[in-house]
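Q: requesting a structural model of the entry that follows:
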Amino acid sequence: MELLRSLHPEIVHFPIALFFAYVVLELTGVISGKKYFSKAALVILIFGVLFSVAAVLTGNSAEEFLKFLSPSKNILQVEETHQTYATIMMWYFTGILFFKIYFVSKKNLDFKKELIILILGILGLIFVYQTGKYGGKMVYKYGVGTETFNNKIVK
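A: Predicted structure coming up:
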């Protein structure tokens, strides 16, 4: 479990970057009308969802350790908000992925559906931002995950 927990800070940056890249590619595809941007966006979205699952799993492991350390109630509230946004983000983009795969497999992905998927992707970036905001608050305001934090709590 320590391995999962220790991987969380490295893994979380992948879904952030991939979801932003996904939206940029989706937007480029809608504007240009070129299908290869939409196909590239789908591949990036698949990897974004996979890495978001990994981020949530490693984050859950880190949460267990955090609760074991028994930090302040404020830290636990921020962590809970972070976890909520992360879970919503993961399922939200998973939903977009299934929606897009369904229409691609039916060869029924027209401009209107692509535009709806793009808008959903842009709105999903709100969850990405909020997840990162609260994760950053845990690290930069409270020091969660740092050696200083661990030494202070254990003592």
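Q: test my guess that Phe47 contacts Ala17.
A: No - if you go by C-beta atoms under 8 Å, Phe47 and Ala17 don't touch, sitting 9.9 Å apart. Just so you know, the C-beta spots here come from the backbone N, C-alpha and C atoms, and that holds for glycine as well.
Q: pLDDT below threshold where in the protein?
A: 1, 148-155 (pLDDT under 70).
Q: would you mind measuring from Lys106 to Phe99?
A: 11 Å (C-beta to C-beta, to the nearest Å).
Q: nope, Ala62 is what I was after
A: 30 Å.
Q: okay, those two: which has more neighbours?
A: Taking neighbours as other C-beta atoms under 10 Å, Ala62 and Phe99 compare with Ala62 leading, 24 against 15.
Q: I'd assumed Leu7 was in contact with the more buried one.
A: No - in this structure, Ala62 is not within contact of Leu7 by C-beta under 8 Å, at 9.1 Å.
Q: okay, buried residues for the lengthiest helix in the chain please.
A: Across the chain, the helix with the greatest residue count (assigned by DSSP state H) is helix 35-69. By neighbour count on 16 or more other C-beta atoms under 10 Å, the buried set for helix 35-69 is 37-38, 40-42, 44-45, 47-49, 51-52, 54-56, 58-63, 65-66.
Q: next one: stretch 89-103
A: Those would be 89-90, 92-94, 96-97, 100, 103, for stretch 89-103 by 16+ other C-beta under 10 Å.
Q: which one is Ser38 nearest to, not counting chain neighbours?
A: The shortest distance from Ser38 to any non-neighbouring residue, by C-beta to C-beta, 6 or more residues apart in numbering, is to Gly29 (4.0 Å).
Q: with only the CA atoms kept, save the helix or strand hosting the one you found in PDB.
A: Element membership of Gly29 [criterion: DSSP states H and E] is helix 13-32. Output in PDB follows, covering the C-alpha atoms of helix 13-32 (Å, rounded to 0.1, in the frame of the first residue of the first chain):
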ATOM      1  CA  HIS A  13      -0.300  15.200 -13.100                       C
ATOM      2  CA  PHE A  14      -1.000  12.800 -16.000                       C
ATOM      3  CA  PRO A  15      -4.900  13.100 -16.000                       C
ATOM      4  CA  ILE A  16      -4.500  16.900 -15.500                       C
ATOM      5  CA  ALA A  17      -2.400  17.200 -18.600                       C
ATOM      6  CA  LEU A  18      -4.300  14.600 -20.600                       C
ATOM      7  CA  PHE A  19      -7.700  16.100 -20.000                       C
ATOM      8  CA  PHE A  20      -6.500  19.600 -21.000                       C
ATOM      9  CA  ALA A  21      -4.900  18.100 -24.100                       C
ATOM     10  CA  TYR A  22      -8.100  16.200 -24.800                       C
ATOM     11  CA  VAL A  23     -10.200  19.300 -24.800                       C
ATOM     12  CA  VAL A  24      -7.700  21.200 -27.000                       C
ATOM     13  CA  LEU A  25      -7.700  18.400 -29.500                       C
ATOM     14  CA  GLU A  26     -11.500  18.100 -29.400                       C
ATOM     15  CA  LEU A  27     -11.800  21.900 -29.900                       C
ATOM     16  CA  THR A  28      -9.300  21.700 -32.800                       C
ATOM     17  CA  GLY A  29     -11.300  18.900 -34.400                       C
ATOM     18  CA  VAL A  30     -14.600  20.800 -34.100                       C
ATOM     19  CA  ILE A  31     -13.100  24.000 -35.500                       C
ATOM     20  CA  SER A  32     -11.200  22.400 -38.300                       C
END
